[in-house]
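Undergrad: Attaching a predicted model along with its sequence, questions to come.
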Amino acid sequence: MSLADAAMNRAWTIEETRPDDRKALYEAYLAAARLGKMEAMTNVGLHFLYGDGVRRDPKRSRMWTEKAAALGDDIAAFNLGLAYDNGRGVRKNKGLAEAWYRRSIALGFAIAEDNLAYLLFHGTETHQQEEAVRLYRKHARQGHPIPAYNVGLAYELGKGVRKNLKRANAYYEMSAKGGYAEAQLALGYNYSNGVGLVPDPLRAFAWFRLAAEQGNASASFNLGLMFANGDGVPRSTARALRHFRDAASLGHAKSARWVRKLITPRSSC
């Protein structure tokens with residue numbers, strides 16, 4: 001066994017047997033990194049980035065991460081993309097973030113496609129948004145609910161594709177059936193307000209309820225409104241209050257105002 005392999009095995013042993021000894025783990029990875037182990041370089045970069053077992057040092061973090069990426073480490077390339085995307089230890093630079101995400105994808109780290117798609121979707125150029133939708137659509141067809149929601153959003157906004165509310169709702173439904181609360185909320189809203197769909201309060205209620213059960217504050221707020229106004233359901237102040245309180249507990253300001261409105265006694269003439 002080479003010295004580099006032995007150093008890496010020592011780091012893995014510490015990781016498994018003494019995971020709370022962060023200083024020893026950092027030192028073991030550093031020893032392996034200095035002997036040329038690519039994976040160790042990536043881990044040393046993370047230790048410096050977060051101050052994990054060593055004093056935080058973004059400059060050294062970038063140095064070790066770039067060394068690993070230059071050797072072909074897909075995760076190191078992804079980490080550099082994240083760093084430049086979010087300004088994590090470096091100054092934000094969307095161009096460099098995109099370049100590193102693409103490098104990570106080329107090296108085989110498919111997860112980076114989601115980050116690249118998000119970055120491109122929020123870009124200013126039409127060709128960026130079009131590529132983002134292609135990536136989202138690819139992942140949606142593989143059964144992933146969040147990309148399906150993003151394709152729906154693209155069709156609703158006309159961003160990267162021609163605006164098409166029918167297709168938007170089809171992708172929202174695909175995502176909602178996969179359990180994504182934001183898509184359930186979107187479908188509830190669109191059924192409630194007739195956005196690309198025939199208004200249907202019962203279906204709106206069903207989708208809002210599913211999203212609310214996952215802790216979506218806006219969905220709870222909309223359920224409260226339906227009960228407060230008797231929209232497709234029997235009017236019920238008690239049920240409206242319950243849903244408004246659920247949403248208010250999650251920080252939904254409008255719901256808090258509705259709670260005050262419903263519990264404040266009306267003055268008699």
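TA: That came in fine, so what should we check first?
Undergrad: Quick check on residue 171: phi, psi?
TA: Here is the backbone geometry of residue 171 (degrees, to the nearest 10): phi -70, psi -40.
Undergrad: residues contacting it?
TA: Applying C-beta atoms under 8 Å, 6 or more residues apart in numbering to residue 171 gives the contacts 140, 148, 149, 151, 152, 155. (C-beta placed from N, C-alpha, C; glycine too.)
Undergrad: Which one of the residues you listed is nearest to residue 215?
TA: The closest of the contacts of residue 171 to residue 215 turns out to be residue 149 (C-beta to C-beta; 16.7 Å).
Undergrad: how far away is that closest one from residue 70?
TA: 36 Å (C-beta to C-beta, to the nearest Å).
Undergrad: Could you check which of the two has the larger neighbour count?
TA: residue 149 (26 against 12; other C-beta atoms under 10 Å).
Undergrad: packing partners for the helix or strand hosting that one?
TA: Per DSSP states H and E: residue 149 is located in helix 145-157. Packed against helix 145-157 by the contact rule (3 or more C-beta pairs under 8 Å, 6 or more residues apart in numbering; DSSP states H and E) you find helix 112-121, helix 126-141, helix 165-177, helix 181-193.
Undergrad: Quick check: chain neighbours aside, which residue is closest to residue 121?
TA: In this structure, residue 121 finds its nearest non-sequential neighbour in residue 132, 3.7 Å apart by C-beta to C-beta, 6 or more residues apart in numbering.
Undergrad: on that earlier part again, just say which of the helices and strands packed on helix 145-157 is most tucked in.
TA: helix 181-193 (a mean of 23; mean count of other C-beta atoms under 10 Å).
Undergrad: what's that helix in contact with?
TA: Identification of contacts with helix 181-193 by C-beta under 8 Å, 6+ apart yields 145, 148-149, 152-153, 156, 165, 169, 172-176, 195-197, 199-201, 203-208, 210-211, 214-216, 218-219, 222, 226, 231.
Undergrad: try stretch 116-123
TA: With C-beta under 8 Å, 6+ apart, stretch 116-123 has contacts from 81, 85, 94, 97-98, 101-102, 105, 128-129, 131-133, 135-136, 139, 147, 150, 154, 159-160.
Undergrad: which stretches of the stretch 1-150 of the chain form helices?
TA: 3-17, 22-34, 38-50, 58-70, 74-86, 94-106, 112-121, 126-141, 145-157 (DSSP state H, counting those that start in this stretch).
Undergrad: for the second one, packing partners?
TA: If you count contacts as 3+ C-beta pairs under 8 Å, 6+ apart, helix 22-34 packs onto helix 3-17, helix 38-50.
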